[in-house]
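Colleague: sequence first, predicted coordinates after that:
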Amino acid sequence: MKKLLIALLAVLVMATAACAEAVFATKNGKKYHKPECVFIKDRETSKIDDKDAIAKGLKPCGKCMTAGEKLSKKEK
C-alpha cells in the first residue's frame, strides 16, 4: 500500500510539472509571451512559468497566445 501511494504521488508530481509552461516576460512588461513572439524579439526577457506569470498579474500576449491558451490560463 505504501509503495502504491508513493507511486501515485510521483505520477502526480510529474503531471503537475508537465502542465507548467515556460513563457517569457520583459522586466517592466504587463504581458507574457511565447519565445518566438515578435513583441519580445531582440528584447531582454526572463523565463518564467505561466502560473508564476499569472500570479504576478501578467496577462497573455494578444499576438502570440491563441484564444484557447488564453482561456486555459484564466482557468488555472
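Modeller: Arrived safely.

Colleague: now the strands for this protein?
Modeller: 22-26, 31-32, 45-49, 59-60 (DSSP state E).

Colleague: can I get those in TSV with mean pLDDT and distance to residue 2?
Modeller: Yep, even glycine has a C-beta here, placed from its N, CA and C like the rest. Listed next are the strands of the chain as TSV, based on pLDDT from 0 to 100; distance: least, Cβ to Cβ, whole Å:
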stretch	mean pLDDT	distance to residue 2
strand 22-26	93	34
strand 31-32	95	40
strand 45-49	94	31
strand 59-60	94	42
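
Colleague: mind showing which ranges of the protein have poor pLDDT?
Modeller: Applying pLDDT under 70 to the chain flags the ranges 9, 11-19, 67-76.

Colleague: could you pull up the residues touching residue 34?
Modeller: Residue 34 makes contact with 23-24, 61, 64-65 under the criterion Cβ atoms under 8 Å, 6 or more residues apart in numbering.

Colleague: if we go to 6 Å?
Modeller: The neighbourhood of residue 34, defined by Cβ atoms under 6 Å, 6 or more residues apart in numbering, consists of residue 64.

Colleague: do you know how far it is from residue 6?
Modeller: As judged by Cβ to Cβ, to the nearest Å, residue 34 and residue 6 stand 36 Å apart.

Colleague: measure residue 43 to residue 26 for me?
Modeller: Relative to residue 26, residue 43 is positioned 6 Å away (criterion: Cβ to Cβ).

Colleague: quick one: which of these two has more around it?
Modeller: Using other Cβ atoms under 10 Å as the criterion, residue 43 and residue 26 rank with residue 26 on top: 15 against 12.

Colleague: centre-most residue in the chain?
Modeller: Nearest residue to the geometric centre of the chain (Cα atoms, centre = their mean): residue 50, 1.9 Å.
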